[in-house]
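> Mind looking at a prediction? Sequence and model below.
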Amino acid sequence: MESQALTTGGLVQAQNQRHLRNHARLEARTIELAHQFQRQRAEKTNKSYDKPQEEYREWCHEHGFADGESVTEKKLLLFLDKCVVTVRSGALAIRRLVWMSKESQ
């Protein structure tokens, strides 16, 4: 019985180690590719991305995510919802109100 528990424990440990190695390789390659793509972009494109990327970094630090600035689907959706769509649609609504008030004069 004890040897079976050791075998099962060893199997689980081996699976966990394999999972961690695979995850580390995927993360490292993803970062390498992202840097490669950034280097290949036009300078104007890079400049236009600077401000939104900085906003995202600051937002990540404010919220203290365990994975830091790593972009995940859920974090990106939350960031877009709270910081981009809401803020920009609010600004758009204000511009519309100003425009409508000028039209009615």
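Nice, I can see it.

> for this protein, what spans make up the helices?
Taking DSSP state H as the criterion, the chain contains helices spanning 2-40, 43-63, 73-79, 86-104.

> list the helices and strands the second one packs on?
To tie it back to what came earlier, the one meant is helix 43-63. helix 73-79 (3 or more Cβ pairs under 8 Å, 6 or more residues apart in numbering; DSSP states H and E). For glycine as for every other residue, the C-beta is placed from the backbone atoms N, C-alpha and C.

> By mean pLDDT, show me the worst of the helices of the chain.
Note on those: helix 86-104 shows the lowest mean pLDDT, a mean of 60.

> got a list of what the residue most central in space within the chain touches?
By Cα atoms, centre = their mean, the chain has its centre lying nearest to residue 71, at 1.9 Å. Counting by Cβ atoms under 8 Å, 6 or more residues apart in numbering, residue 71 makes contact with residue 56.

> related to what we said a few turns ago, rebuild the helices of the chain as JSON lines, extending it with mean neighbour count.
Below are those laid out as JSON lines (neighbours: other Cβ atoms under 10 Å):
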{"stretch": "helix 2-40", "mean neighbour count": "10"}
{"stretch": "helix 43-63", "mean neighbour count": "12"}
{"stretch": "helix 73-79", "mean neighbour count": "12"}
{"stretch": "helix 86-104", "mean neighbour count": "10"}
